[in-house]
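Asks: sequence unknown, structure follows:
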């Protein structure tokens, strides 16, 4: 077991339900701050988590925290996409504009790469830290009293000072926070996502320039946008497109996709878009993913303030926000810091402060996804031709040039004094 810098032990025991990015990152931050985290994961093997997925993005506000985990950011940069721009085209194939992200380097690193690869890097770091990860642990219930919280897992009760629900949009922790079962709703949109070797693209003369080094391109059209990129000097390729959908998500929101169904959506689009879809090999992973919508929660914490939601369990994001992953990292950073500052004797205060520090920011960040989707799907092309930047992604300093840990330490005392006195959230 490697030795890593960490704060003195706090004696705070933390149960984290879910070993995704949110859960593992929260555990790492808790360990850094001197707490003792345990992760409970329903899958029986890590491969069940890492083998799936496609592109995931961490903007500077999220990726800056990886720099504090020795060795992590360097390992991620080796497998990340090496571009600092996005070339945008109309759905008919006309080049419109190049959006540069070069200035954002002043704000911190940007990481875009395969979900499974990047996940394995942070997971290995958690394991090296000695964080306990229990697999095959299916949580069926949450409970709490004034002194502790716990879960029922595989029929047995486990308790700690605090329980962190990081299970995603169907977290059972939502029930104890809300007081009732809420079902996810269709957002009205779905995403096809695929990832496969770049050699398949290189076989096509029309496409091979897309794997000559790393590229990032987007095609924008009525109620649909199509993004494609290559990584590792063109050795790997992925594409994704968001479209209007009326699919039912009662039972599941992720299915195997079919190339012929994808082609139907882009049948009137530029030949290059259709050729990218056709190049998808049968052995490539193609997913039809229904985008889930949930109303903004009134709170992220349970009645006795010893169970708390983070990541998608608290606030699912649309992909067009490019912030879901980064905000989940911020959640874990802030919660761990609040627990350190409040101490074992006042975990509920830490939970109240966490919610106060996160609530407004995370909901404001969520709104950027809708703004970008509408900017692309409902673009006025007469306006775009006069002002190509009208379809640029919104990249604002308040969101990206932000250090959640520094902000927490700077504001904690004032926030804790206010929420400790029972005053309402601002």
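Replies: Perfect, thanks for sending it. Remember, predicted model here, so these are calculated numbers, not experimental data.
Asks: where do the strands sit along the stretch 1-150 of the chain?
Replies: For the stretch 1-150 of the chain, strands defined by DSSP state E, counting those that start in this stretch occupy the ranges 13-17, 36-40, 55-58, 85-90, 95-100, 111-114, 132-134, 139-144, 149-153.
Asks: Mind putting the ones you listed into TSV with mean neighbour count, mean pLDDT and distance to residue 76?
Replies: Every residue, glycine included, has its C-beta placed from N, CA and C. Listed next are the strands of the stretch 1-150 of the chain as TSV, based on neighbours: other Cβ atoms under 10 Å; pLDDT from 0 to 100; distance: least, Cβ to Cβ, whole Å:
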stretch	mean neighbour count	mean pLDDT	distance to residue 76
strand 13-17	25	98	22
strand 36-40	23	98	20
strand 55-58	22	94	8
strand 85-90	18	97	19
strand 95-100	15	97	21
strand 111-114	23	96	5
strand 132-134	15	97	20
strand 139-144	17	95	29
strand 149-153	21	97	31
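Asks: Out of those, which gets nearest to residue 272?
Replies: Shortest distance between residue 272 and the strands of the stretch 1-150 of the chain, using Cβ to Cβ, is found for strand 85-90: 8.4 Å.
Asks: Find out how far the closest one is from the centre of the chain, if you would.
Replies: Offset of strand 85-90 from its chain centre (Cα atoms, centre = their mean, to the nearest Å): 23 Å.
Asks: Next up, identify which helix or strand the residue most central in space within the chain is on.
Replies: Among the residues of the chain, the one closest to the centroid is residue 325, at 2.0 Å (Cα atoms, centre = their mean). Assigned by DSSP states H and E, residue 325 belongs to helix 324-342.
Asks: gap between the residue nearest to the centre of the chain and residue 115?
Replies: According to Cβ to Cβ, to the nearest Å, residue 325 and residue 115 sit 9 Å apart.
Asks: any shared contact partners between the two?
Replies: residue 56 (Cβ atoms under 8 Å, 6 or more residues apart in numbering).
Asks: Give the rounded mean pLDDT of stretch 366-384.
Replies: Averaged over stretch 366-384, pLDDT sits at 90.
Asks: List the buried residues in it.
Replies: Going by neighbour count (16 or more other Cβ atoms under 10 Å), the buried part of stretch 366-384 is 366, 368-369, 372-373, 375-377, 379, 381, 384.
Asks: one step back: which elements pack onto the helix holding residue 325?
Replies: Applying 3 or more Cβ pairs under 8 Å, 6 or more residues apart in numbering; DSSP states H and E, we find helix 324-342 packed against helix 21-32, strand 55-58, helix 60-63, helix 347-377, helix 404-420.
Asks: The spatially closest residue to residue 341 that is not a sequence neighbour: neighbour count?
Replies: Of all residues not flanking residue 341 in the chain, residue 412 sits nearest, at 5.0 Å (Cβ to Cβ, 6 or more residues apart in numbering). For residue 412, the neighbour count with other Cβ atoms under 10 Å is 21.
Asks: Low-confidence ranges, the chain, go.
Replies: Applying pLDDT under 70 to the chain flags the ranges 1-2, 50-53, 184, 246-253, 293, 295, 421-426.
Asks: need the next SSE after the top strand by length along it, C-terminal direction.
Replies: Secondary structure of the chain per DSSP state E: the longest strand is strand 185-197. The element immediately downstream of strand 185-197 (helix or strand, assigned by DSSP H and E) is helix 199-202.
Asks: Against residue 274, how distant is residue 280?
Replies: For residue 280, the distance to residue 274 - Cβ to Cβ - is 11 Å.
Asks: Of the two, give the one with the bigger neighbour count.
Replies: Between residue 280 and residue 274, counted using other Cβ under 10 Å, the more crowded position is residue 280 (23 against 16).
Asks: how would you label the more buried one: helix, strand or coil?
Replies: Using DSSP: H, G, I helix; E, B strand; the rest coil, the three-state assignment for residue 280 comes out as coil.
Asks: dump the residue contacts of it.
Replies: Residue 280 makes contact with 194, 196, 200, 239, 259, 262, 286 under the criterion Cβ under 8 Å, 6+ apart.
Asks: how near is it to residue 55?
Replies: Distance from residue 280 to residue 55, by Cβ to Cβ: 15 Å.
Asks: just residue 122 next, same as before
Replies: For residue 122 relative to residue 55 (Cβ to Cβ), the value is 16 Å.
Asks: what does residue 320 give?
Replies: Residue 320 is 13 Å from residue 55, by Cβ to Cβ.
Asks: go on, residue 241?
Replies: 12 Å.
Asks: One more: residue 345?
Replies: 44 Å.
Asks: cool, residue 198 as well?
Replies: 14 Å.
Asks: again with residue 218
Replies: 13 Å.
Asks: before we move on, what about residue 379?
Replies: Relative to residue 55, and taking Cβ to Cβ, residue 379 is found at 23 Å.
Asks: Domain map for this protein?
Replies: Structural domains annotated on the chain: 13-82+112-181+296-420, 185-293, as defined by automatic domain parsing.
Asks: What is the distance between the first one and the centre of its chain?
Replies: I take that to be domain 13-82+112-181+296-420. With Cα atoms, centre = their mean, you get 8 Å for domain 13-82+112-181+296-420.
Asks: Grab the nearest non-local neighbour of residue 296.
Replies: Leaving aside its sequence neighbours, residue 296 sits nearest to residue 363 (Cβ to Cβ, 6+ apart; 5.6 Å).
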